[in-house]
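Participant: Sequence first, predicted coordinates after that:
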Amino acid sequence: MAEAVVKRLVGRKLADVRDETRAREVVRRILLENFQAEEKIDADARTLLMDNAKLIRDSASDYKRLFTLVKAKLAKERGFTL
């Protein structure tokens, strides 16, 4: 994935890359950090929902819909773009 990103950036002349190997490493690290941040948001959203499972069950709310809403709210609070 990192290789494809670097190729597109260079091919479209959106980035001046002198060392493609280093650029791939940087892109790979950024992608990994992004995926880890999203996984943390997912885990936090699940925790919040599990902490309120009884309320959710009693209100007959849709878990998947609530998960999406909670995840979006957490992401916004943390300045993370989903």
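Facilitator: Looks like it arrived, so ask away. Numbering: from 1, shown residues only.

Participant: Please go through the chain and pick out the longest helix.
Facilitator: helix 20-51 (DSSP state H).

Participant: what number of residues lie near the nearest residue to Glu20 once chain neighbours are set aside?
Facilitator: Counting by C-beta to C-beta, 6 or more residues apart in numbering, Val6 is the residue found nearest to Glu20 once chain neighbours are left out, at 5.8 Å. C-betas here are computed from N, CA, C, even on glycine. For Val6, the neighbour count with other C-beta atoms under 10 Å is 21.

Participant: Quick one: mean pLDDT for the longest helix of the chain?
Facilitator: Throughout helix 20-51, pLDDT has a mean value of 95.

Participant: export whatever helix or strand comes next after that helix as PDB, just CAs?
Facilitator: Using DSSP states H and E, the helix or strand that follows helix 20-51 towards the C-terminus is helix 53-59. Taking Å, rounded to 0.1, in the frame of the first residue of the first chain, the C-alpha atoms of helix 53-59 are listed here in PDB:
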ATOM      1  CA  ALA A  53     -25.300  -2.300  27.600                       C
ATOM      2  CA  LYS A  54     -28.200  -2.500  29.900                       C
ATOM      3  CA  LEU A  55     -29.500   1.000  28.900                       C
ATOM      4  CA  ILE A  56     -29.000   0.000  25.200                       C
ATOM      5  CA  ARG A  57     -30.900  -3.200  25.700                       C
ATOM      6  CA  ASP A  58     -33.700  -1.500  27.600                       C
ATOM      7  CA  SER A  59     -34.100   1.100  24.900                       C
END
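
Participant: Quick check: what element follows helix 53-59 along the chain?
Facilitator: Per DSSP H and E, the first helix or strand lying C-terminal to helix 53-59 is helix 63-77.

Participant: which helices and strands does that next one pack with?
Facilitator: Applying 3 or more C-beta pairs under 8 Å, 6 or more residues apart in numbering; DSSP states H and E, one finds that helix 63-77 contacts helix 20-51.

Participant: chain center to the helix it packs on, what's the gap?
Facilitator: With C-alpha atoms, centre = their mean, to the nearest Å as the basis, helix 20-51 stands 5 Å off its chain's centre.
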